[in-house]
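1. for reference, the sequence and a predicted model appear below.
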Amino acid sequence: MTSPLVDIRGLEKRFDLSGSFLEQITFKGGRFQRKQEAVHAINGVDLQVQKGEALCVVGESGCGKSTVARTVMGLLSPSAGEVHYGGQRIDNLKGGDVLPYRRKMQMIFQNPYASLNPRMTIQQTLEEPIHFHRPELARSEVREKVQEVMQSVGIDPDWGSRFGHEFSGGQRQRIAIARALAVDPEFIVADEPISALDVSIQAQVLNLLMEAQETRNLTYLFITHDLAVVEHFGTRVAVMYLGRVCELAETKTLFAEPRHPYTQALLSAIPRLEDDRPNYIRLQGEVPTPVNLPSGCVFHGRCPYANERCRQEIPRLIVTDGGSQVACHAVEEGRL
Amino acid sequence: MKSDTPLLEVKNLDVRFAVRGGDLTALRGISFSLDKGERLGLVGESGAGKSVAAFSILNLIARPGYIAGGQILFEGKDLAAMSERELRKIRGNRIAMIFQDPMMTLNPVLSIGTQMVEAIKAHRRVSTKAAREIALSKLRKVQIPSPEKRLDQYPHELSGGMRQRVIIAIALLLDPEIIVADEPTTALDVTIQAEIMALLLDLCEQENVALMLITHDLGVVSQVTQRMLVMYSGRIIEQGPTREIINDAQHPYTQGLINALPQMGEPGARLFQIPGSMPSLKNVPSGCPFHPRCDFATDQCRQTMPEYVRSGNVDVACYEVSNLIEQEKRMQEAGS
Amino acid sequence: MTTATLSRWNRFRESFLWYSFKRDKVAIVSSIVLLLMVFAAVFAPLFAPTDPYDLAQIDIMNSELPPVGMPGADSAFPLGTDAQGRDMLSTILYGTRVSLLIGFGAVVLQAALGILFGLLAGYLGGRVDSILMRIADVQLSFSTLMVAIIVGAVFKASFGNLMFGEIAIYMLIFIIGVAEWPQIARTVRASVLAEKKKEYVDAAKVMGFRTNRIMFRHILPNTLSPIFVIATVQIANAIISEAALSFLGLGMPETQPSLGSLIKSGFDYIQSGSWWITLIPGLVLVVLVLVINLLGDWLRDVMNPRLYKG
């Protein structure tokens, strides 16, 4: 197997809730205690993104999928673990050393209404990154490049002097994609890029992303909560629950034969056009808070197949006969 | 189940917004009816006017919006012409509303019990104790675990899914005839969404309550409703039995919406896309508002708004469809 | 270039700002009055019948002449003269100029300090934020006047009256500017905290832009509207502070009078019946501060996003 383009190893991220040292001290039962609380957003995630693929990360809110995206992009620094790009560790790079990777790795955000600077014209928004990363280019070359990238996302280059708020949501997302493409990246992290858009616009943007992947030979890490999109778009899928990957498989395999009980429930909950009634696997209870993580398998509290071992021991990802990787004791023991 | 006069009948409703630079027409000539116990879906993208339609049914349009024409007949009485006092007797009592954001209904500083008791006492002369009993029975109906405890809790102590259950319980408090639900599950995760929709469906069937479900999700509509309306740019462009429309949509826009769904396309292949985006209310195109995005548009479409024609059990406003029907008729006549 | 400016002008004419301005009578009247006053003050040498700084044009024999319409008035001095025989109209025009200059100058200084510290505190957060904001708290806990009085008194004692007269205007700008920067710094910091969570800032970080560039080029332009509102009101405040200091004798000297020192110079003669020397500059001061405040209120209403949406 060739070495992966992006390699995420043992990634953990905690957000501290308890504040400064003085705020952590509580007086309880006649004694002072130091109490530290943290949100455990990611708890040991290993993912490899292969060159040319679209790896989708799915999960419900609070599962840590966006935190993975932001940590890979260096917007957050990991509490533990490493991020490698093309064989080079990048999560600990400082200052100017990061710059080459900024050009190779770009990001598309969820909210097209907030991701464009309201005080900059489209032309300025697109020119700035090119100027910054390729100072050797002359003004006219930069302008040409901007025109080309605007055309490639289906925005009329004559609209360059307009501001973001003069465009519709779908057009803004196209402009945000153009900004990411302007520096000719190899790898794009897309964090819920279509969930703020209308149905007919979602199709346009998905098509655009797939086109760009083909013509520019891009690799995607695609974060979404929408499984129907994953089925259409993803090469492989990682399903996350409470900061861990519970199943990782080729898209076809996962949709044809989901193994993890959580994946099965998630798939059954997609409202399908051919259904006349909601058919879904009902889970018990609710997602626990990531502040007090359950022991053992994070899913055991809601899992119909949970036993004593699930409550005690954290399951590791194992490769099944179908080729998918599943973190579940029941699957491992052949109970499921 | 079907009676002669429908429970709710909206006739030729026009809603306008008075803004600087003249009036904007948000709804134009909306007509539909809702029978007792019927479940109706209102589908459209943002800006189509579906939320305005929902609010106007309760005559809840806030300034600068106003009802410019038409009737909203509830049991034969026109809500559009009623005084605020008479309306208050109907709102919440005979017609209940569920919003997308539970916090629009719930007051964060009052306990769930207090709010439910208050709602009952506003419309019925009952003792606090009796009102609490009613509240408790409704909470049981929405399958909230330990309902007695919930009565003394505050909204922020509940999860999103639980809050939406409480909202449904509040909607059911006074045994309404109609529940208007505006995107009730959009803010929720897929698994929770499936649970809430299933619950809403069961309750409407058990209590024989009519449901008007406003959503952008065609999957949900096909699972829950019997009839549906498709809105575009303030007009109803297609209405009829849900299954018939989903399986064989007539209007090019409805067809496009369905075909643009990722679940309809071959994985990895280009999705069907409707070009352009919904026009803003400020510049609605002449004639059929969909014509700039439509593959079948002719001069006729650009000039005049098409009338409704019937195809099967579906009413469609489209010249292409009406021309096809004409053609078929002529062929049949020629054949016989 | 011309097309760009033209479209900007069109943009402005279609904007909500212009629209609400056209509909607000108070704003229109206030801005007309303010513009007239600023215009008259800036071009005071053109409008003033005499130059109050030129001792050769002053005749002590003309002292304490009443305004036109009163017994004993001289038509050469429409608003009368002061105790030194200077024409009141000219003195007021020149005085308004000094007051406005100090007001604007002080606010420019405030804004420069406030924006810099507010941006740093809001964007960098952590220890920088704590230190800067504590300094701001300390600064705010002193009254501006108290600081100004102490500094002014020290300056006056150490430079002597003559020298003090020359540097008074810079000193006033400096004192008022430095004393009031925390107001603007706090506003900027609050907007920066809101802006830096938005995705366009993340997008800039992902591009690899340096902190300075993100702060000044991306965040700062988006925090300008609240700064604009506060700065307007602060101009009025600075003018009042200057008048108060001048009235106490710590501001502008009588040879280069501001509105405040004019009021003070007339105050000694109010008992002897020459009320106009105090009253007329007083009225001008009140009108000036009032119109600026009215405009500030209007701006705050228009630029408040919550009102804007509703």
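-> It's in. Numbers count the residues shown, from 1 in each chain, chains lettered A, B, ... in the order given.
2. next one: the residue nearest the centre of chain B from B:Ile178, what distance?
-> Centroid-nearest residue in chain B, with C-alpha atoms, centre = their mean: B:Ile214, separated by 3.0 Å. For B:Ile214, the distance to B:Ile178 (C-beta to C-beta, to the nearest Å) stands at 13 Å. C-beta coordinates here come from the backbone N, C-alpha and C atoms, glycine included.
3. repeat for A:Leu209
-> To B:Ile178, A:Leu209 is 42 Å away according to C-beta to C-beta.
4. export the helix or strand B:Arg150 falls within as PDB, just CAs?
-> B:Arg150 is located in helix B:147-151, with elements delineated by DSSP states H and E. This file holds the C-alpha atoms of helix B:147-151, laid out as PDB (Å, rounded to 0.1, in the frame of the first residue of the first chain):
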ATOM      1  CA  PRO B 147     -42.600  12.800  33.100                       C
ATOM      2  CA  GLU B 148     -43.300  13.800  36.800                       C
ATOM      3  CA  LYS B 149     -39.700  15.000  37.100                       C
ATOM      4  CA  ARG B 150     -39.800  16.900  33.800                       C
ATOM      5  CA  LEU B 151     -42.600  19.200  35.100                       C
END
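5. and A:Thr26, bridged to which residues?
-> Taking DSSP bridges as the rule, A:Thr26 bridges to A:Gln33.
6. isn't it right next to A:Lys35, touching?
-> Yes. In this structure, A:Thr26 is within contact of A:Lys35 by C-beta atoms under 8 Å, at 5.2 Å.
7. and the stretch 101-250 of chain C, which residues reach chain A?
-> C:198-200, C:202-209, C:218, C:221-222 (C-beta under 8 Å from any C-beta of the partner chain).
8. just the buried ones from those?
-> C:198-200, C:202-209, C:218, C:222 (16 or more other C-beta atoms under 10 Å in any protein chain shown).
9. and the residues you listed, which two are furthest apart?
-> The most widely separated members of these, counting by C-beta to C-beta, are C:Gly208 and C:Asn222 (20.4 Å).
10. the residue lying closest to B:Phe99 once chain neighbours are set aside: neighbour count?
-> Nearest residue to B:Phe99 in three dimensions, chain neighbours excluded: B:Asp182, at 5.5 Å (C-beta to C-beta, 6 or more residues apart in numbering or on different chains). For B:Asp182, the neighbour count with other C-beta atoms under 10 Å in any protein chain shown is 21.
11. contact partners for B:Asp182?
-> By C-beta atoms under 8 Å, 6 or more residues apart in numbering or on different chains, the contact set of B:Asp182 is B:Ser51, B:Ala54, B:Met97, B:Ile98, B:Phe99, B:Gln100, B:Ile214.
12. now the fourth one. Nearest residue, chain neighbours left out?
-> Read it as B:Ile98. Distances taken as C-beta to C-beta, 6+ apart put B:Ala181 closest to B:Ile98, at 4.2 Å, once the chain neighbours are dropped.
13. pLDDT score for the residue of the stretch 51-200 of chain C found nearest chain A?
-> When distances are taken as C-beta to the nearest C-beta, the stretch 51-200 of chain C reaches nearest to chain A at C:Glu199, 3.9 Å away. At C:Glu199, the predicted lDDT confidence score is 93.
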